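Engineer: What shape does this take:
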Amino acid sequence: MKLGLQLGYWGAQPPTGVAELVAAAEESGFDAIFTAEAWGSDAFTPLAWWGRETSRVRLGTSIVQLSGRSPTSIAMHALTLDHLSGGRVVLGMGVSGPQVVEGWYGAPFAKPLARTREVVDIIRQVLRREAPVTNDGPHHPLPYTGEGATGLGKPLKPIVHPLRPDIPIWLGAEGPKNVAQTAEIADGWIPIFYTPGSAAMYQPWLDEGFARPGARRTRADFEIAATCHLQVTASETERQAVTQQLKSTIALYMGGMGAKDANFHKQVFERMGHRELSDEVQRLYLAGEKDKAATLVPDDLVHDMHIVGDAGYVRERVAEWEATGVTTLLLSCRSADEIRRVADLLARP
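Structural biologist: You can find the predicted model right below:
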C-alpha cells in the first residue's frame with residue numbers, strides 16, 4: 001500500500017508551509033500528493049505550482065468537480081499538467097452535490113451517473129487523439145447544436161499530442177450504483193468513508209462493476225485511495241484529545257454537509273448502520289448545536305474511520321486497511337517532521 005499526501009482545498013487564505021510538506025513527501029517515499037476543490041481554490045493550480053519542485057511523486061486531484069468545467073476543458077488541464085510533470089498526473093473527479101452544482105456552478109445536478117459516464121468518455125477521446133471528439137449524449141453534446149447554436153460547431157482533436165493516452169482517471173463515488181459504475185469505467189476509486197469496518201459493504205458493488213461487459217479494470221489492477229487521519233500519539237490522554245477533535249469533523253459530514261434531505265455523506269453513514277445516530281446528529285447540527293452533535297459520535301466509529309494511537313497500534317491498523325484492498329492511503333499531515341515520522345514508521349519491517 002502506498003501513501004499519499006492530501007493537501008485538500010484552501011480555507012479563507014492560502015495555507016502556509018505547503019512547499020515544505022510537498023518536499024518532505026517527495027523525499028520520504030510518499031507515492032503522490034493530492035489537492036481538492038470546493039468553492040474557493042481550484043485543484044489544478046496548486047499541483048502545477050508546488051508540483052514543479054518535485055520529480056517523482058504523482059500529482060492527483062481528489063477531486064475535480066465535474067460541473068466546474070466542460071469535459072474537454074478538464075482534459076486540457078490534465079494533458080497540460082501531464083506534459084509539465086513528465087507523466088505523473090492522476091485525474092480524480094466527482095459529481096459533488098446539488099447545493100454546489102446548482103448554487104455555485106449554475107448547472108443542473110440531475111442524472112449524475114449518466115453525466116459522469118459522458119465526461120469520462122469525452123476525456124478519454126481527447127487523450128487518445130484518434131479522431132475528432134464527438135458526443136451524442138444529452139449532457140455534453142459535441143458539437144453543440146441546441147438552442148442558440150450557430151451551426152458552425154466542428155468536431156476537433158486536441159492541438160497538443162497528449163503525453164499519455166491513458167492518464168489514470170479515478171472517481172469519487174459513494175452510493176451502490178455510482179461505486180459499481182466507477183469499477184466499470186474508471187482506473188481507481190476515491191471513497192470518502194472506506195474503512196476496515198465498512199469495506200465488506202462495498203465489495204458486491206465493486207464486483208458488479210468489474211463483471212460488466214467492457215469493464216476497464218479488474219480488482220487486481222484497480223486502485224482504491226482511501227482517506228483517513230493518521231496520528232501517532234505519545235499517551236492515552238493525547239489519543240483521547242485527538243479522538244474528540246475528530247468527532248467534530250465526523251459530525252460535520254454526518255449532519256451538516258448538503259441539504260437535510262440530500263446529504264449524500266449522511267446516507268453513507270446510514271448504510272454503515274448508523275441511521276439513528278446520523279438522524280440525531282443532523283438534527284442537532286442543523287439546530288446550531290454542533291458541539292452537542294459531536295459528543296454523540298462514538299469512539300469506536302472514530303477509530304474505524306481514522307488511525308490514532310501509539311506506534312505499534314498504528315502499524316497494526318495500517319495493515320488492516322491494506323488487507324481490505326486499499327492501494328493508497330491518503331493522509332493529511334500537519335508538518336514535514338510528521339510526514340517523515342509516518343514514512344519512517346511504516347517503512348520498518
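Engineer: Was I right to think Ala294 contacts Ser248?
Structural biologist: Yes: using Cβ atoms under 8 Å, Ala294 is in contact with Ser248, at 4.5 Å. Where you see a C-beta, it was placed from the backbone N, CA and C, and this is true even at glycine.
Engineer: Show me which of those two is the more surrounded one.
Structural biologist: Just comparing Ala294 and Ser248: by other Cβ atoms under 10 Å the higher neighbour count belongs to Ala294, 22 against 14.
Engineer: Tell me which helix or strand that one sits in.
Structural biologist: Assessed by DSSP states H and E, Ala294 sits inside helix 290-295.
Engineer: Quick check: buried residues in that helix?
Structural biologist: 290, 293-294 (16 or more other Cβ atoms under 10 Å).
Engineer: try stretch 209-226
Structural biologist: 209-210, 216-217, 222-226.
Engineer: can you give me the end-to-end distance of it?
Structural biologist: 19 Å (Cα to Cα, to the nearest Å).
Engineer: Quickly list what the closest residue to Ala78 other than its chain neighbours is bridged to.
Structural biologist: Nearest non-adjacent residue to Ala78, counting by Cβ to Cβ, 6 or more residues apart in numbering: Leu91, 4.8 Å away. The partner list for Leu91 in beta bridges (DSSP bridges) reads Ile169.
Engineer: just to revisit the earlier point, between the buried residues of helix 290-295, which is closest to Met1?
Structural biologist: Proximity of those to Met1 (Cβ to Cβ) peaks at Ala294, which lies at 29.9 Å.
Engineer: ok, now which ones touch that closest one?
Structural biologist: 244, 247-248, 250-251 (Cβ atoms under 8 Å, 6 or more residues apart in numbering).
Engineer: Out of those residues, flag the one nearest to Glu320.
Structural biologist: Nearest to Glu320 among these, with distances taken as Cβ to Cβ, is Ile250, at 19.3 Å.
Engineer: ok, back up a step: let me have the buried residues of helix 290-295 in TSV, extended by distance to Tyr144 and pLDDT.
Structural biologist: Formatted as TSV, the buried residues of helix 290-295 follow (distance: Cβ to Cβ, whole Å; pLDDT from 0 to 100):
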residue	distance to Tyr144	pLDDT
Lys290	45	93
Ala293	46	93
Ala294	47	94
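Engineer: Output the residues you listed as CSV; include the columns distance to Gly97.
Structural biologist: Formatted as CSV, those follow (distance: Cβ to Cβ, whole Å):
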residue, distance to Gly97
Lys290, 20
Ala293, 20
Ala294, 22
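Engineer: Glu289: neighbour count?
Structural biologist: 14.
Engineer: Let's see the pLDDT reported for it.
Structural biologist: We have a pLDDT of 93 for Glu289.
Engineer: still on that earlier bit, kindly format the C-alpha coordinates of the helix holding Ala294 as PDB.
Structural biologist: Extracted C-alpha coordinates of helix 290-295, given in PDB (Å, rounded to 0.1, in the frame of the first residue of the first chain):
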ATOM      1  CA  LYS A 290     -22.700  21.500  16.800                       C
ATOM      2  CA  ASP A 291     -20.700  20.700  19.900                       C
ATOM      3  CA  LYS A 292     -23.600  18.600  21.300                       C
ATOM      4  CA  ALA A 293     -23.800  16.800  18.000                       C
ATOM      5  CA  ALA A 294     -20.100  15.900  18.100                       C
ATOM      6  CA  THR A 295     -20.400  14.400  21.500                       C
END
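Engineer: and the next element down the chain from it?
Structural biologist: helix 299-305.
Engineer: which of the residues in that next one are buried?
Structural biologist: Here helix 299-305 shows 301-305 as buried, counting by 16+ other Cβ under 10 Å.
Engineer: One more: stretch 11-31?
Structural biologist: Quick answer for stretch 11-31 (16+ other Cβ under 10 Å): 18, 21-22, 24-26, 28-31.
Engineer: go on, stretch 333-348?
Structural biologist: For stretch 333-348, by 16+ other Cβ under 10 Å, it's 333, 336, 338-340, 342-343, 346.
Engineer: Same question for stretch 182-200.
Structural biologist: Buried residues in stretch 182-200 (16+ other Cβ under 10 Å): 182-199.
Engineer: Out of these, name the ones that lie in helices.
Structural biologist: Using DSSP state H, 182-185, 199 are the members of the buried residues of stretch 182-200 that sit in helices.
Engineer: State the pair within those residues that is farthest apart.
Structural biologist: Farthest apart among those by Cβ to Cβ are Ile185 and Ala199. That separation is 21.5 Å.
Engineer: what's the nearest residue to Ala343 if we skip its chain neighbours?
Structural biologist: Using Cβ to Cβ, 6+ apart, the closest residue to Ala343 is Ser28 (3.7 Å).
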